[in-house]
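Chemist: Have a look; sequence and predicted model below, questions after that.
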Amino acid sequence: RGRAKVLMYPYEKPLEAGEILVARFTEPSWTPLFINAGGVIMEIGGPMQHGAIIAREYGIPCVSGIDNATKLVKEGDLLELDGSAGTVQIIRDDCD
């Protein structure tokens, strides 16, 4: 569980420790961001895609193949993801 950080490019803004990285896809230049990531959500890819492989290496949950994730998930949304089940939930705060 963590707050969403939606990124289109790897260094457009910092990814704070525990934030969930939400991106269209990742490739090797994104790898340093995984150190802080509490999880990864990608629009494109599968279990053998770069982001999924790196997430496994770091022991963080990853869900890929989520159409329009960068549009559906808003910056700061509280997310819960289960990499094993391939599920993502947007948790609504009490004040929403």
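Modeler: That came through fine.
Chemist: what's the pLDDT at the nearest residue to residue 30 once chain neighbours are set aside?
Modeler: Nearest non-adjacent residue to residue 30, counting by Cβ to Cβ, 6 or more residues apart in numbering: residue 10, 4.5 Å away. Using the backbone N, CA and C atoms, a C-beta is placed for each residue, glycine as well. Looking at residue 10, its pLDDT is 94.
Chemist: What strand or helix carries residue 10?
Modeler: Using DSSP states H and E, residue 10 is not contained in any helix or strand.
Chemist: who's the most centrally placed residue in the chain bridged to?
Modeler: Centroid-nearest residue in the chain: residue 40, 2.5 Å away (criterion: Cα atoms, centre = their mean). Residues in a beta bridge with residue 40, per DSSP bridges, are residue 21, residue 62.
Chemist: Pretty sure it sits against residue 58.
Modeler: No - the criterion here is Cβ atoms under 8 Å, and residue 40 misses it with residue 58 at 9.1 Å.
Chemist: Would you mind grabbing the residues shared as contacts by the two?
Modeler: residue 34 (Cβ atoms under 8 Å, 6 or more residues apart in numbering).
Chemist: if I look at the residue nearest to residue 30, how far off is residue 80?
Modeler: From residue 10 across to residue 80, the span is 24 Å (Cβ to Cβ, to the nearest Å).
Chemist: secondary structure element for residue 5?
Modeler: strand 2-6.
Chemist: Strands of this protein, residue ranges please.
Modeler: Here the chain has its strands, by DSSP state E, at 2-6, 20-23, 39-42, 62-64, 78-82, 87-91.
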